[in-house]
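> Fold the following and give me the result.
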Amino acid sequence: MKLVVLAVPNASRSEISGWEDDPRAGRVLRVRIAAPPVEGKANAALRDFLAKSLGLSKAAVVLEKGDGSRVKTFRIPDGTALP
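Residues are numbered from 1 along each chain as shown. The predicted model follows:
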C-alpha cells in the first residue's frame with residue numbers, strides 16, 4: 001500500500017506529528033526528521049524512522065516518489081497498522 005508523508009527536516013528530534021490535509025497531496029502523515037535535507041540524509045533517516053515506527057524492516061519501506069520534495073510517497077506492505 002502507499003503511504004504519503006509530509007517530511008519536515010532539521011527538526012530538533014524525529015517524531016510523527018499526525019495526520020493532516022495538505023492542498024498538494026490530500027491526506028498526509030506529517031513526520032518531523034532530525035536529519036538535514038542534504039545528499040539524501042533526510043530521506044534515509046525518514047525511511048529508517050518509518051520502518052522502526054511501523055515495526056517493519058528497512059527494506060520493506062521503499063521511497064517511490066518525492067526524492068527532492070517534502071511530500072513523499074512510500075510503498076509499505078499491505079495490512080501495516082498506521083499511526
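
> Looking at the helix or strand hosting A51 now, give me its mean pLDDT.
For A51, the host element (DSSP states H and E) is helix 41-54. Here helix 41-54 scores 96 as its mean pLDDT.

> strand partners of the helix or strand following it, parallel vs antiparallel please.
For helix 41-54, the following helix or strand on the C-terminal side (DSSP H and E) is strand 62-65. The strands that strand 62-65 pairs with in its sheet are strand 71-75 (antiparallel) (by DSSP bridges).

> Next, the buried residues of the strand it pairs with.
K72, T73, F74 (16 or more other Cβ atoms under 10 Å). Using the backbone N, CA and C atoms, a C-beta is placed for each residue, glycine as well.

> tell me the contacts of R13?
Contact analysis of R13 by Cβ atoms under 8 Å, 6 or more residues apart in numbering lists R32, A34.

> Recalculate using a threshold of 7 Å.
A34 (Cβ atoms under 7 Å, 6 or more residues apart in numbering).

> do the same with T80
By Cβ under 7 Å, 6+ apart, the neighbours of T80 are M1, L54, L56.

> Any quick PyMOL command for the buried ones out of those residues?
The PyMOL selection below is limited to those of these classed as buried (16+ other Cβ under 10 Å):
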select buried, resi 54
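
> Can I get the contacts of T80 in TSV including distance to L46?
Listed next are those as TSV, based on distance: Cβ to Cβ, whole Å:
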residue	distance to L46
M1	17
L54	12
L56	13
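
> out of the contacts of T80, who's nearest S14?
Taking Cβ to Cβ as the measure, L54 is the one of the contacts of T80 closest to S14, at 13.5 Å.

> by contact count, what packs against the helix holding A51?
strand 2-8 (3 or more Cβ pairs under 7 Å, 6 or more residues apart in numbering; DSSP states H and E).
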